[in-house]
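# Show me how the following folds:
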Amino acid sequence: MTSRKSVLVLGGSSDIGRAAARAFARAGYDVGLAGRDVAALEPDAADLRARYNIEVGLHKFDVLDTASFEGFVAGLPALPDVVVSIVGLLGVQESAQSDLAHATAIMRSNYEGPALILGLFAEKFLSRGSGTLVGVSSVAGDRGRASNYVYGSAKAGFSAFLSGLRARASRGGVHVVTVKPGFVRTRMTEGMKLIGPLTVEAPVVGDAILRAVENKTDIVYVSAKWRLVMLIIKTLPEAVFKKLKF
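Just a heads-up that it's a prediction; the model follows:
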């Protein structure tokens, strides 16, 4: 092991996960990439090692396999300084309305799994007395909309979990960050109609995550425009809000 700080990225093969890994690597962190398909992480690991002369570890992680979480944490070569959870599943709202298995996968991928694994790392960090946990949530969790309330409700739960964990962990030297990216051009949003002025690229999110960790920011709207947009949306009366078609 080196004397450098280290970050573990859960969901390391996602576009935002890859961007976050690069941002931390540029800043001199050793990087751990975790995902379901370890082989798919190899090219990114090799690139990070070559570009930044850091150590990169690969770890198998399935956010739906909650029974494996304790073994996953115990099996890490060392407890990282930072853990970033970028796992999630957008899913299809229309399918989730009648397909309980699909709705379950969305809810577990965006709330249950991420919350449980970060909660487990929180206990380890609190015992050590230091560390930072980052949960990538969503502006969709700020208020349930007709077009994506299954996904949005899971993200709302995750944001609430992070808020409570932040309040508790702050008393023990552990920082918890909530990141709300808004629209991001990624493989997950490919084919969706995104609003240009409210859309960012994955590297912008990666850089925002790094800044939040280093500046000890609590809640980050990656685009400042989203903070204003969601403030307006949250203050709309329910009678008005339920008539909106979005």
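
# For the rest of this, base every contact and every neighbour count on C-alpha atoms.
Will do.

# Give the other helices and strands that the lengthiest helix in the chain contacts.
In the chain, assigned by DSSP state H, the helix with the most residues is helix 149-169. Other helices and strands packing on helix 149-169, by 3 or more C-alpha pairs under 8 Å, 6 or more residues apart in numbering; DSSP states H and E, are helix 93-96, helix 100-107, helix 113-128, strand 174-180.

# Output the longest one as CSV, restricted to C-alpha atoms.
Extracted as CSV, the C-alpha positions of helix 113-128 are listed here (Å, rounded to 0.1, in the frame of the first residue of the first chain):
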residue,chain,number,x,y,z
GLY,A,113,-28.5,-1.6,-1.9
PRO,A,114,-26.7,1.8,-1.9
ALA,A,115,-28.1,2.7,1.6
LEU,A,116,-27.1,-0.6,3.1
ILE,A,117,-23.5,-0.6,1.7
LEU,A,118,-22.8,3.0,2.7
GLY,A,119,-24.3,2.4,6.1
LEU,A,120,-21.9,-0.5,6.5
PHE,A,121,-18.9,1.6,5.5
ALA,A,122,-20.2,4.3,7.8
GLU,A,123,-19.8,2.0,10.8
LYS,A,124,-16.2,1.2,9.8
PHE,A,125,-15.4,4.8,9.2
LEU,A,126,-16.9,5.9,12.6
SER,A,127,-14.8,3.2,14.3
ARG,A,128,-11.7,4.7,12.6
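
# angle of that helix against strand 174-180?
Taking axes from the mean of the first three to the mean of the last three C-alpha atoms, to 10 degrees, one finds helix 113-128 and strand 174-180 inclined to each other by 160 degrees.

# Can you name the next helix or strand after helix 113-128?
Next along the chain after helix 113-128, taking DSSP states H and E as the criterion, comes strand 131-136.

# returning to that earlier point: looking at the helices and strands packed on helix 149-169, which is closest to residue 138?
strand 174-180 (4.4 Å; C-alpha to C-alpha).

# Just the CA coordinates for that closest one, please, in PDB.
C-alpha atoms of strand 174-180 as PDB (Å, rounded to 0.1, in the frame of the first residue of the first chain):
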ATOM      1  CA  VAL A 174     -17.100  11.200   9.000                       C
ATOM      2  CA  HIS A 175     -18.400  13.300   6.200                       C
ATOM      3  CA  VAL A 176     -21.400  12.300   4.000                       C
ATOM      4  CA  VAL A 177     -22.100  14.000   0.700                       C
ATOM      5  CA  THR A 178     -25.300  13.900  -1.400                       C
ATOM      6  CA  VAL A 179     -24.800  14.500  -5.100                       C
ATOM      7  CA  LYS A 180     -27.700  15.400  -7.400                       C
END
